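Visitor: Fold the stuff below for me.
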Amino acid sequence: MSSLTPVERELLETIQAQIGIVADISRADILLYGPLSDEGKTTVLMHAHPHSVAPAYRKDYTGQRVGSLDMPVVLHAFMQHHTQRGTEGSFSEGFSVVIVAHPVFSPENPHHIIGVVSVDSSLLEHERQRRRLRPFRIALTQLQKMLAKGLVTGAEQLSPFEGVSGLMVVNRAGVINYTSGVAANLYRRLGYLDSLEGRRLKTLDTQDYRLFTRALKTLRCVEEETEDGGREWVRKAIPLLGKPSVWTHPIQLIAPHRVPEEPVGVLLVVRDQTEERRQEQQMRVKNAMIQEIHHRVKNNLQTIAALLRIQSRRLENEEAKAALRDAINRVQSVAVIHEFLSDEDTWAINIKEVFQRIIAQTHQGIVLPDDNINFGVQGPSIWLPARQATACALVINEMLQNSVEHAFEHRRSGTVTITLEDEGDHVVIKISDDGQGLPDDFDAAQLPSLGLQIARTLVTEDLRGELIFANEGGFSATITFPKALFGGEEGWNENGS
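Guide: As a prediction, this is how the structure comes out:
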């Protein structure tokens with residue numbers, strides 16, 4: 001695009017911003033091609049897939065370089081300087097695709113083509129659109145030509161058009177020329193049982209006429225959420241520019257190329273989102289209740305930990321005190337998970353943050369003030385569902401306690417490091433310290449402490465993974481387990497989605 005002027009570049013950028021809603025309404029892929037090179041090739045600047053139907057092309061061809069042998073219809077549009085139609089193209093992947101290519105003319109030179117807007121639809125969708133009534137087909141063609149001129153102003157602010165939305169074409173006089181089947185069914189919910197075609201929009205007791213007049217006045221796309229008949233609606237109004245005689249007197253049209261373009265009507269898109277909003281409200285209430293439950297569970301666990309702490313202070317037996325201290329740390333580790341679930345509206349938990357909280361608790365709970373034991377967490381954030389995060393929290397708690405109690409038995413300083421690795425389908429967690437390491441008679445089959453036995457049980461049974469102990473300049477334990485989706489057995493990505 002280096003050969004383009006700033007005005008020409010701005011036009012192509014404008015088309016890219018407006019392309020999405022037109023692809024949705026056209027029920028077709030729309031590709032914007034850049035200027036033709038000296039070698040007779042062009043590049044796909046943007047490829048928009050429709051939200052309303054399955055796309056014509058499975059791949060995204062943005063950035064693809066093509067020539068006359070690849071997409072001859074597009075190259076013909078460059079050469080012939082007017083709209084071209086055909087079915088030949090290398091993007092079709094063996095399926096029948098109808099291609100309508102509209103040239104994009106330079107705003108500074110009406111004889112110079114700087115790109116092509118190609119509307120590519122599957123043969124099935126092309127036939128469906130072709131069978132619609134003439135007013136809709138005229139409106140759709142005009143909308144696509146407006147896109148090639150960057151005139152669908154405000155389209156970038158519209159939400160996607162989906163298959164459950166209805167369409168109406170209203171001429172400049174406010175008369176409904178076309179109503180889709182979906183739109184007719186939606187208006188029946190408001191009590192309009194007869195056909196709306198031929199009726200004036202202002203006679204409907206809805207918000208449509210207000211949006212219609214606003215779109216015509218501003219020549220900008222408009223979208224609002226409104227309420228009519230006790231139901232919640234999303235309405236879009238897209239002003240249409242064209243030759244008025246095509247709309248008012250289609251049979252008596254004479255020399256249409258001599259008629260200047262002007263506002264000729266509005267394309268209305270209507271969607272009833274009442275049930276969707278009700279479900280969203282129910283989900284918000286449900287999530288709020290679940291978060292409140294997690295908050296109360298966290299508080300109850302912290303209360304239990306406090307009671308155990310009080311009880312331990314009254315004990316004189318050191319072994320009993322140590323047992324209660326271990327129990328307190330385990331309860332607090334589970335409380336950390338519930339704290340995350342009560343604070344965030346998510347089912348995925350960042351275990352790196354969980355480990356940092358557990359480290360803080362361990363440092364505060366069992367590390368003596370004079371000790372110089374440092375803790376650290378390395379590696380990426382890894383998101384896991386609550387069940388796996390809980391098991392990981394308990395395992396890490398046991399390992400940290402084991403290092404503090406045994407690794408530095410003869411010295412009160414050292415370092416404990418937790419390292420996280422995300423291997424896609426599996427997670428690897430390594431806990432290592434620079435202490436005295438495992439004893440010579442260590443037997444992994446007969447673990448010497450209850451904490452290590454609990455850790456192995458959690459890894460093998462809850463995480464369905466493997467726990468390996470080793471001496472590597474000190475003690476180390478490596479945990480490897482498969483990721484599990486919320487409610488399933490597959491993994492979360494690093495964003496928790």
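
Visitor: helix/strand/coil for residue 266?
Guide: The three-state label given to residue 266 by DSSP: H, G, I helix; E, B strand; the rest coil is strand.

Visitor: Quick one: residues contacting it.
Guide: Taking CB atoms under 8 Å, 6 or more residues apart in numbering, we find residue 266 in contact with 169, 170, 212, 215, 216, 237, 238, 239, 240. All C-beta atoms are positioned from the backbone trio N, CA, C, and that covers glycine.

Visitor: In a markdown table, list those along with secondary structure and distance to residue 402.
Guide: As requested, these are arranged in a markdown table below (DSSP: H, G, I helix; E, B strand; the rest coil; distance: CB to CB, whole Å):
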| residue | secondary structure | distance to residue 402 |
| --- | --- | --- |
| 169 | strand | 73 |
| 170 | strand | 74 |
| 212 | helix | 72 |
| 215 | helix | 69 |
| 216 | helix | 74 |
| 237 | strand | 67 |
| 238 | strand | 66 |
| 239 | strand | 71 |
| 240 | strand | 73 |
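
Visitor: What's the PyMOL line that selects buried ones from the residues you listed?
Guide: Selection command for PyMOL covering only the buried members of the contacts of residue 266, criterion 16 or more other CB atoms under 10 Å:
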select buried, resi 169+170+212+215+216+237+238+239+240
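
Visitor: Export the contacts of residue 266 as a markdown table, with columns for distance to residue 270 and pLDDT.
Guide: Putting those into a markdown table (distance: CB to CB, whole Å; pLDDT from 0 to 100) gives the following:
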| residue | distance to residue 270 | pLDDT |
| --- | --- | --- |
| 169 | 12 | 97 |
| 170 | 12 | 97 |
| 212 | 12 | 96 |
| 215 | 14 | 96 |
| 216 | 17 | 94 |
| 237 | 10 | 97 |
| 238 | 12 | 97 |
| 239 | 16 | 96 |
| 240 | 16 | 95 |
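
Visitor: now, among the contacts of residue 266, which is nearest to residue 200?
Guide: residue 170 (9.1 Å; CB to CB).

Visitor: how about the helices of the stretch 51-200 of the chain, start to end?
Guide: Per DSSP state H, counting those that start in this stretch, the stretch 51-200 of the chain carries helices over the ranges 72-80, 123-130, 134-148, 181-188.

Visitor: gap between the first one and the chain center?
Guide: Remark: helix 72-80 is offset 36 Å from the chain centroid, using CA atoms, centre = their mean, to the nearest Å.

Visitor: pLDDT weak spots in the stretch 251-400 of the chain?
Guide: Residue ranges of the stretch 251-400 of the chain with pLDDT under 70: 251-260, 277, 280-281, 283-291, 294-295, 338, 340-341, 343-347, 365-366, 368-369.

Visitor: mind listing the helices for it?
Guide: Along the stretch 251-400 of the chain, counting by DSSP H, counting those that start in this stretch, helices occupy 274-313, 318-343, 351-365, 386-402.

Visitor: you'd agree residue 386 is up against residue 337?
Guide: Yes - with contact defined as CB atoms under 8 Å, residue 386 counts as touching residue 337 (6.2 Å).

Visitor: Mind listing the shared neighbours of these two?
Guide: Common neighbours of residue 386 and residue 337 (CB under 8 Å, 6+ apart) are residue 349.

Visitor: Among these two, which residue is more densely surrounded?
Guide: residue 337 (25 against 17; other CB atoms under 10 Å).

Visitor: ok, and the closest non-adjacent residue to that one?
Guide: residue 390 (4.8 Å; CB to CB, 6 or more residues apart in numbering).

Visitor: related to what we said a few turns ago, mind putting the helices of the stretch 51-200 of the chain in CSV, distance to residue 355 and mean pLDDT included?
Guide: As requested, the helices of the stretch 51-200 of the chain are exported to CSV (distance: least, CB to CB, whole Å; pLDDT from 0 to 100):
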stretch, distance to residue 355, mean pLDDT
helix 72-80, 54, 94
helix 123-130, 51, 90
helix 134-148, 51, 94
helix 181-188, 51, 92
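
Visitor: Take these and write them to TSV, including distance to residue 110 and mean neighbour count.
Guide: What follows is the helices of the stretch 51-200 of the chain, written out as TSV (distance: least, CB to CB, whole Å; neighbours: other CB atoms under 10 Å):
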stretch	distance to residue 110	mean neighbour count
helix 72-80	15	20
helix 123-130	29	16
helix 134-148	13	20
helix 181-188	37	17
